[in-house]
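> predicted coordinates and the sequence they were generated for:
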There are 2 protein chains.
Amino acid sequence: MLRVVVLGAAAGGGIPQWNCGCPVCLAARTRHPELQSTQASIAISADGDHWFLINASPDLRQQLIATPQLHPAPGKLRHSPIAGVILTNGEIDAVAGLLSMREGWPFAIYAHRKVLAILNSNSIFNVLNEKNVRRQPIEVEQTFEPVLPGGSPSGIEILPFAVAGKSAWYLEGKVHPAGADGAGDTLGLRIRDKATGKFFYFLAACADVTDDLKSRLAGAPLVFFDGTVWRDDELILAGLGNKTGQGMGHIAMSGDTGAIAALSGLGIDRKIFLHINNSNPALLHDSAERKIAEQAGWQIPADGTEITL
Amino acid sequence: MLRVVVLGAAAGGGIPQWNCGCPVCLAARTRHPELQSTQASIAISADGDHWFLINASPDLRQQLIATPQLHPAPGKLRHSPIAGVILTNGEIDAVAGLLSMREGWPFAIYAHRKVLAILNSNSIFNVLNEKNVRRQPIEVEQTFEPVLPGGSPSGIEILPFAVAGKSAWYLEGKVHPAGADGAGDTLGLRIRDKATGKFFYFLAACADVTDDLKSRLAGAPLVFFDGTVWRDDELILAGLGNKTGQGMGHIAMSGDTGAIAALSGLGIDRKIFLHINNSNPALLHDSAERKIAEQAGWQIPADGTEITL
């Protein structure tokens, strides 16, 4: 049995974002606290006792407090059910939570060498002593099985694959610590319970749905997919910024080439948007955009949502 | 008028700490949520409209949501009352919150060159584009006045001074990016309202109260002081770790050379502990240690406490 808990569903900055007075952030801060959402991350487990995080958001400390499944076991002075963290990119909203996992609990970080190079070149991550916190490279198109404390297999098989994306924002215009370009900055994951064969896909960042990606996702029982923006130019139109969704490495939900259209008719049982920006009107429960997304079979999850496969 | 808001009072890891099942963390997670506390930081303002943070904790996003004084002004799409951040050291619990201040709002970071060297040598902080976020060196024993957006004076005069401490944990055994040792890793601050002359001291980390420090603090209207541990060896005695308070750069509250004894009889009007570790029994409202601290005139503040001088 594969258990999945949505720790957070929001894009970088969260909802509300510290410096944002847009309609969604304003409502979240005042009369609609149910709109509050922490930055995107999920936790997965095959045995219910040991969990792996997919990405570690800056809100991790609050996400762990809010998630009983991830509390220390009763009767133990120091303990965490978290056995590892799998990183799909090197953006702040995917890695900053590692800084809240200090204090000596042993776990493993699984990431592509391009993302590990970022951690290795930033001394602040040395707060995770490599004696306790192993950094394990993963490769695109090579399955791996994260291990439990002590090294026994977790029963979870993960296949990372490259998707259209970009390097971390803070590396724009800089030399990437892993050297010249190549795949690995942005990964999708197929996550499979070895005992039951049940699986799902996780793509919190994806700039384009190629035919290859469609073939991959066709018939999947569950897909978490990049829901950053409703339309590519919404930040500019709303006066909130000068970046497009594409410029940030994210496909739009709507439009002929958007995620809703691209993933329709693929026989995917359950489709959930993740990494949703505060500018996205589909966040508002009574918006026309929300209705369109829901009628197309998409869900926008609340933090804490648990799914069992 | 000087306004001070305690954004968080806890030491690194917060209360509860993600991997801790000690009595305080367990109680905070279950029947005593009032014990929950975020990592130490305060906000200060001379005009009530513009605020400066002293340190930026990993809990910053949640602290800002919980603090109406720091919400964006009504009617503005993008805005923050925060005009700057003053850093007193380079530990994770003092700097990681900077990563939650991205998204283009202009402000300034004021820090000693030893701490700025850490930010400059960690590319992850480039997410704060230097076009918007100025990094301003400060010197020990030299007053400075942080400025408001546009460059006008804030009315707040700050005097940084060196206190006994240590380099950031993640630099232990490594080469410090600012080169050979010297003062600056751990600062105390005197913060003064230029209009009224009212002032207070902030020392979230301090390993020793020297005679010089006593002379400095004597007669102060308000002192925030390092309250990490009750006794130097409490982490070891409780089975929570192998570090002493001194080994982490922190004086104990209790004992002949502890903070309570050292700061008694100095004519300080109001004494508030900050940076309190979950291992410290003075956190428990009904503990003998709490009574001793309170009877000696010390306060252990709740997050959100506001003080006006």
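That came through fine. Numbering: from 1, shown residues only, chains lettered A, B, ... in the order given.
> and stretch A:254-274, how far apart are its ends?
15 Å (Cα to Cα, to the nearest Å).
> tell me which residues in it are buried?
A:254, A:258-260, A:262-263, A:266, A:268, A:271-274 (16 or more other Cβ atoms under 10 Å in any protein chain shown). Backbone N, C-alpha and C define where each C-beta goes, glycine included.
> could you do stretch A:137-146 as well?
Applying 16+ other Cβ under 10 Å to stretch A:137-146 flags A:138, A:144, A:146 as buried.
> quick one: which of these sit in strands?
Within these, residues falling in strands by DSSP state E are residue A:138.
> now the buried residues of stretch A:137-146 as TSV including pLDDT and distance to chain B?
Below are the buried residues of stretch A:137-146 laid out as TSV (pLDDT from 0 to 100; distance: Cβ to the nearest Cβ, whole Å):
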residue	pLDDT	distance to chain B
A:138	97	21
A:144	98	24
A:146	98	18
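> just the closest of the buried residues of stretch A:254-274 to chain B, please.
residue A:274 (18.2 Å; Cβ to the nearest Cβ).
> quick one: the closest one and residue A:37 touch, right?
No - counting by Cβ atoms under 8 Å, residue A:274 does not reach residue A:37; the two are 10.2 Å apart.
> what is in contact with those two at once?
residue A:9 (Cβ atoms under 8 Å, 6 or more residues apart in numbering or on different chains).
> quick check on residue A:100: phi, psi?
phi -100, psi 10 (degrees, to the nearest 10).
> equivalent analysis for residue A:292, please.
According to degrees, to the nearest 10, residue A:292 has phi -60, psi -50.
> swap in residue A:60?
phi -50, psi -40.
> what sits against residue A:216?
A:161, A:190, A:201 are the contacts of residue A:216 under Cβ under 8 Å, 6+ apart.
> just the buried members of the residues you listed?
The buried subset of the contacts of residue A:216 (16+ other Cβ under 10 Å) comprises A:161, A:190, A:201.
> make JSON lines out of these and add secondary structure and distance to chain B.
Conversion of the buried ones among the contacts of residue A:216 to JSON lines gives the following (DSSP: H, G, I helix; E, B strand; the rest coil; distance: Cβ to the nearest Cβ, whole Å):
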{"residue": "A:161", "secondary structure": "strand", "distance to chain B": "26"}
{"residue": "A:190", "secondary structure": "strand", "distance to chain B": "28"}
{"residue": "A:201", "secondary structure": "strand", "distance to chain B": "28"}
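> ok, of the residues you listed, which one's closest to residue A:42?
residue A:201 (11.6 Å; Cβ to Cβ).
> and the closest one, what are its bridge partners?
residue A:190, residue A:223 (DSSP bridges).
> and it, how far from residue A:263?
10 Å (Cβ to Cβ, to the nearest Å).
> now the common contact residues for the two.
A:217, A:223, A:225.
> ranking by neighbours, what's the top pick from these?
residue A:225 (26 neighbours; other Cβ atoms under 10 Å in any protein chain shown).
> what is the neighbour count of the closest residue to it other than its chain neighbours?
Nearest residue to residue A:225 in three dimensions, chain neighbours excluded: residue A:203, at 5.3 Å (Cβ to Cβ, 6 or more residues apart in numbering or on different chains). Residues lying near residue A:203 (other Cβ under 10 Å) number 26.
> same thing with the one 10 residues further on?
Per other Cβ under 10 Å, the neighbour tally for residue A:213 reads 21.
> export the helix or strand harbouring it to PDB, keeping only CA atoms.
Assigned by DSSP states H and E, residue A:213 falls within helix A:211-217. The C-alpha trace of helix A:211-217 is given here as PDB (Å, rounded to 0.1, in the frame of the first residue of the first chain):
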ATOM      1  CA  ASP A 211       4.400  13.500 -26.900                       C
ATOM      2  CA  ASP A 212       6.900  11.400 -25.000                       C
ATOM      3  CA  LEU A 213       5.600  12.700 -21.700                       C
ATOM      4  CA  LYS A 214       2.000  12.000 -22.800                       C
ATOM      5  CA  SER A 215       2.900   8.400 -23.600                       C
ATOM      6  CA  ARG A 216       4.600   8.100 -20.200                       C
ATOM      7  CA  LEU A 217       1.700   9.400 -18.200                       C
END
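> how far does that helix sit from the chain's center?
19 Å (Cα atoms, centre = their mean, to the nearest Å).
> quick check: residues of the stretch 151-300 of chain A near chain B?
A:169-171, A:174, A:177, A:238-241 (Cβ under 8 Å from any Cβ of the partner chain).
> any of the residues you listed buried? List them.
For these, buried by 16+ other Cβ under 10 Å: A:169-171, A:177, A:240-241.
> residue A:51: how many residues sit nearby?
For residue A:51, using other Cβ under 10 Å, the count is 22.
> so what's it bridging to?
Counting by DSSP bridges, the residues bridging with residue A:51 are residue A:82.
> enumerate every residue touching it.
A:5, A:43-45, A:69-70, A:81-83.
> same check on residue A:167?
Per Cβ under 8 Å, 6+ apart, neighbours of residue A:167: A:90, A:114, A:176, A:181, A:185.
> surely residue A:125 touches residue A:98?
Yes - using Cβ under 8 Å, residue A:125 is in contact with residue A:98, at 6.3 Å.
> for these two, list the residues in contact with both.
Counting by Cβ under 8 Å, 6+ apart, the residues touching both residue A:125 and residue A:98 are residue A:119.
> and stretch A:107-127, how far apart are its ends?
End to end - Cα to Cα - stretch A:107-127 spans 13 Å.
> buried stuff in that stretch?
A:107-119, A:122-127.
> and what of stretch A:175-194?
Buried, per 16+ other Cβ under 10 Å, within stretch A:175-194: A:176-178, A:183-193.
> repeat that for stretch A:226-236.
Applying 16+ other Cβ under 10 Å to stretch A:226-236 flags A:226-232, A:234-235 as buried.
> spit out the contact partners of residue A:305.
Contacts of residue A:305 by Cβ under 8 Å, 6+ apart are A:5-6.
> now with 10 Å, please.
A:4-7, A:9, A:42, A:272, A:299 (Cβ atoms under 10 Å, 6 or more residues apart in numbering or on different chains).
> which ones among the residues you listed lie within strands?
A:4-7, A:42, A:272, A:299.
> any chance of those in TSV, plus pLDDT?
TSV is the format used below for those (pLDDT from 0 to 100):
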residue	pLDDT
A:4	98
A:5	98
A:6	98
A:7	98
A:42	98
A:272	98
A:299	98
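> which of these sit farthest apart?
A:7 and A:299 (15.9 Å).
> the two: who's more crowded?
Comparing residue A:7 with residue A:299 by other Cβ under 10 Å, the one with more neighbours is residue A:7, at 28 against 18.
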